[in-house]
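Q: here is a sequence with its predicted model. Questions after.
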Amino acid sequence: MKPSAAVLVDKLLASDPDLKPYKNHLLRRIQKVQDAEAWLTQGKMSLEDFASGHEYFGLHLSNNQWIFREWAPNATAIYLIGDMTDWQEQKTFALEQINDQGVWEIRLDSGRINHADQYRLRVHWAGAAVTESRPMPGGLFRIPKP
């Protein structure tokens with residue numbers, strides 16, 4: 001368990017007594033940091049794991065396989081659409097929900113999509129609503145070079 005803001009401030013003041021006039025400010029600031037960390041991690045992961053989300057989510061090439069993960073806890077279906085599917089939904093490009101926290105994933109052999117292919121996600125929601133991911137500024141997402 002992490003030390004409380006009060007414990008951290010007491011340690012800080014013990015090492016630098018000149019900070020005593022700022023004790024309340026330090027307590028408030030450290031508490032805000034701890035509250036933000038708790039909100040971001042939901043007590044389910046470390047702050048380091050949360051900050052490394054970009055290494056888990058999105059599109060990555062690993063062991064000659066493209067892996068795409070997205071967090072969409074209220075989605076009912078997600079499809080990778082683009083040049084490789086003629087912008088149509090295809091069962092072979094459907095993401096699968098891999099846990100009860102709303103993480104979706106698809107794994108594709110490296111030849112199924114190519115560098116410079118453009119793509120989007122088509123997300124289906126309860127109540128029949130369908131949305132597509134927004135393109136990055138200047139165009140659509142592009143498959144990176146392996």
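A: Good, I have the coordinates.
Q: remind me which residues of the chain are low pLDDT?
A: Applying pLDDT under 70 to the predicted model, the residue ranges of the chain that meet it are 134-146.
Q: give the buried residues for the longest helix along it.
A: If each helix of the chain is counted by residues according to DSSP state H, the longest one is helix 23-41. Buried residues in helix 23-41, counting neighbours by 16 or more other CB atoms under 10 Å, are found at L26, L27, I30. Glycine gets a C-beta too; all of them are placed from N, C-alpha and C.
Q: and the gap between the closest residue to the first one other than its chain neighbours and W39?
A: Which is L26. In space, not counting the residues next to it along the chain, L26 is nearest to V9; the distance is 4.9 Å by CB to CB, 6 or more residues apart in numbering. V9 sits 21 Å away from W39, going by CB to CB, to the nearest Å.
Q: same check on F57?
A: Between F57 and W39 the distance, using CB to CB, works out to 19 Å.
Q: follow-up on the earlier one: other SSEs contacting the longest helix of the chain?
A: When contacts are defined as 3 or more CB pairs under 8 Å, 6 or more residues apart in numbering; DSSP states H and E, helix 23-41 sits against helix 5-15, helix 47-51.
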